[in-house]
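this one's sequence-less:
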């Protein structure tokens with residue numbers, strides 16, 4: 001005789017098994033991230049994303065971004081215009097948070113205060129738009145002063161503390177080196193072409209003299225000031241004197257070319273040039289030092305422009321939780337350390353600049369640590385979609401001042417009035 005009790009249990013088991021066959025198993029989320037292709041960028045991004053997928057059980061698709069940043073930005077605009085969910089995580093330039101903020105998730109609800117505080121403060125400031133944290137900093141860079149330590153030692157001169165010091169030392173050593181036969185020697189080179197690089201240089205000159213930025217946090221303008229005028233007048237006095245006229249067409253590589261060939265005492269540039277200057281075949285190998293950019297007079301401040309790339313999550317993603325988790329993983333301490341050791345990417349977490357393993361392999365990072373603490377940001381968060389036009393108008397006016405081709409006696413006053421109309425009295429909407 002069949003045991004009724006066990007028969008009932010068996011029927012329930014079979015019924016339950018049948019029900020389970022009709023219940024779809026939960027699928028792992030697929031997160032798509034767009035990575036750049038400059039240098040080792042794609043390989044290191046792909047490795048980090050795949051490590052996250054293996055750790056979490058989710059899937060990741062690594063998409064290839066356009067190398068040209070302007071073309072990449074155009075593609076982003078096209079994707080956002082259709083509210084496409086094809087890309088979940090975007091790599092964005094330092095000047096894009098304000099421009100693209102309406103299309104990104106606010107990351108603050110997904111994080112604790114301690115999670116935010118571990119990053120370099122100026123990077124968080126750069127990525128915060130109208131109270132929302134629209135991206136996390138991935139890797140960074142800051143502009144610095146490169147100098148010929150062999151020549152400063154030869155002539156008994158210190159590293160310049162102020163722009164006035166730089167001017168005086170440049171004149172003295174430039175004249176001496178030319179008298180010794182190097183007729184192509186100059187005191188200082190920088191990025192003077194009318195493009196984003198000149199915007200960075202000019203903002204550094206101005207901020208070294210004045211505390212407030214040219215566009216305040218509330219969007220109001222602060223361009224036509226005595227400090228701004230003084231900073232740009234000093235810079236204009238260099239051209240043709242301690243700076244070659246050709247600097248008006250220099251970008252980063254032109255400035256590096258002059259400096260690395262031994263024809264300049266000082267240079268303003270980004271961290272990438274350090275490894276190039278110290279290559280085995282470089283004539284400047286072992287002869288160069290790096291310092292903070294000079295202050296604007298005795299009461300001024302050392303500043304350097306912030307650069308780098310960041311990670312943001314699309315507002316149109318179908319997997320917001322997983323996409324944010326990927327971003328937090330890629331900008332986390334363990335991953336940033338791996339990228340620093342394997343590919344020399346400058347980390348965005350403060351404590352990593354004291355990491356013994358990183359400093360042993362890349363001691364230059366310790367040199368730049370105080371530079372990040374004094375970094376300034378471009379006014380992209382305040383000006384939003386208007387930043388491109390603001391930067392263009394600003395660098396064009398500065399370029400005319402450097403080349404002594406201003407059409408008015410008060411170029412900064414005219415610029416401020418023009419931008420005031422553009423911003424609708426500082427509203428930037």
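Nice, thanks for sending it over. Keep in mind it's a predicted model, so treat the numbers as computed, not measured.

need the strands for the stretch 301-429 of the chain, in chain order.
304-313, 375-376 (DSSP state E, counting those that start in this stretch).

Just the mean pLDDT for the first one, thanks.
The average of the pLDDT scores along strand 304-313 is 95.

Packing partners of that strand?
strand 89-93, helix 97-100, helix 121-127, strand 136-142, helix 196-209, helix 320-330, strand 375-376 (3 or more C-beta pairs under 8 Å, 6 or more residues apart in numbering; DSSP states H and E). Just so you know, the C-beta spots here come from the backbone N, C-alpha and C atoms, and that holds for glycine as well.

How about the last one?
Using 3+ C-beta pairs under 8 Å, 6+ apart as the contact definition, the elements that strand 375-376 packs against are helix 196-209, strand 304-313.

Centre of the chain to it, how far?
Chain-centre distance of strand 375-376: 10 Å, with C-alpha atoms, centre = their mean, to the nearest Å.

ditto for stretch 411-419
The chain centre lies 27 Å from the centre of stretch 411-419; the measure is C-alpha atoms, centre = their mean.

in it, what counts as buried?
411, 412, 414, 415, 416, 419 (16 or more other C-beta atoms under 10 Å).

OK, contacts around the last one?
With contacts taken as C-beta atoms under 8 Å, 6 or more residues apart in numbering, residue 419 has the following neighbours: 221, 223, 390, 393.

switch the cut-off to 10 Å
Contact partners of residue 419, counting by C-beta atoms under 10 Å, 6 or more residues apart in numbering, are 214, 215, 221, 223, 383, 386, 389, 390, 393, 394, 426, 428.

re earlier: and among the strands of the stretch 301-429 of the chain, the most buried is which?
strand 304-313 (a mean of 25; mean count of other C-beta atoms under 10 Å).

Which strands border that one, and is each parallel or antiparallel?
The pairing partners recorded for strand 304-313 under DSSP bridges are strand 89-93 (antiparallel), strand 136-142 (antiparallel), strand 375-376 (parallel).

Give me the angle between it and helix 320-330.
140 degrees (axes from the mean of the first three to the mean of the last three C-alpha atoms, to 10 degrees).

next one: strand 304-313 to chain centre, how far?
Using C-alpha atoms, centre = their mean, the offset of strand 304-313 from its chain centre is 4 Å.

Could you do stretch 160-175 as well?
On C-alpha atoms, centre = their mean, the centre of stretch 160-175 falls 29 Å from that of its chain.

Could you pick out which of the contacts of residue 419 are located in helices?
Counted as lying in helices by DSSP state H, out of the contacts of residue 419, are 383, 389, 390, 393, 394.

Pull out the buried members of those.
383, 390, 393, 394.

Make TSV out of the strands paired with strand 304-313 and add distance to residue 292 and mean pLDDT.
Putting those into TSV (distance: least, C-beta to C-beta, whole Å; pLDDT from 0 to 100) gives the following:
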stretch	distance to residue 292	mean pLDDT
strand 89-93	24	95
strand 136-142	10	94
strand 375-376	10	90
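
For those strands, could you give me a markdown table that also reports distance to residue 285?
Shown next, in a markdown table, are these (distance: least, C-beta to C-beta, whole Å):
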| stretch | distance to residue 285 |
| --- | --- |
| strand 89-93 | 31 |
| strand 136-142 | 21 |
| strand 375-376 | 27 |
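
Domain-wise, how is the protein divided?
Domain assignment of the chain by automatic domain parsing yields the ranges 30-134+306-373, 144-303+380-423.

first vs last residue of the shortest one, how far apart are they?
Across its full length, domain 30-134+306-373 reaches 37 Å end to end, with C-alpha to C-alpha, to the nearest Å as the criterion.

try the last one
Using C-alpha to C-alpha, the gap from the first to the last residue of domain 144-303+380-423 comes to 31 Å.

Pull the distance from that domain to the chain's centre.
With C-alpha atoms, centre = their mean as the basis, domain 144-303+380-423 stands 18 Å off its chain's centre.

now the shortest one
Domain 30-134+306-373 has its C-alpha centroid displaced from the chain centroid by 11 Å (C-alpha atoms, centre = their mean).

Residue 359: how many residues sit nearby?
Using other C-beta atoms under 10 Å, residue 359 has 17 other residues around it.

just curious, which of the ones in helices among the contacts of residue 419 is nearest to residue 78?
Proximity of these to residue 78 (C-beta to C-beta) peaks at residue 389, which lies at 20.0 Å.

Report the contact partners of that closest one.
383, 418, 419, 422.

Could I get the pLDDT score of it?
If you check residue 389, the pLDDT there is 91.

now do residue 401
At residue 401, the pLDDT value in this model is 96.

what bridges to the residue nearest the centre of the chain?
By C-alpha atoms, centre = their mean, the chain has its centre lying nearest to residue 307, at 1.9 Å. Beta-bridge pairing of residue 307 under DSSP bridges involves residue 141.

got the contact list for it?
Contacts of residue 307 (C-beta under 10 Å, 6+ apart): 93-95, 139-143, 200, 270-272, 346, 375, 377-378.

what do you get for residue 345?
By C-beta under 10 Å, 6+ apart, the contact set of residue 345 is 39-41, 44, 138-141, 308-309, 336, 338-339, 362.

follow-up on the earlier one: out of the buried residues of stretch 411-419, which one sits closest to residue 204?
residue 412 (16.3 Å).

I figured the closest one was touching residue 393, is that so?
No. The criterion here is C-beta atoms under 10 Å, and residue 412 misses it with residue 393 at 11.3 Å.

list the residues that contact both of the two?
Applying C-beta under 10 Å, 6+ apart, one finds that no residue jointly contacts residue 412 and residue 393.

coming back round to it: is it possible to mark the buried ones in the contacts of residue 345?
41, 44, 138, 139, 140, 141, 308, 309, 336, 338, 339, 362.

Identify the residues contacting the fourth one.
Taking C-beta under 10 Å, 6+ apart as the criterion, residue 139 is in contact with 41, 44, 307-311, 331, 336, 339-340, 343-348.

Spatially, what comes nearest to it if we skip its sequence neighbours?
In space, and not counting its chain neighbours, residue 139 is closest to residue 345: 4.1 Å by C-beta to C-beta, 6 or more residues apart in numbering.

For the one you found, grab phi and psi.
phi -80, psi 130 (degrees, to the nearest 10).
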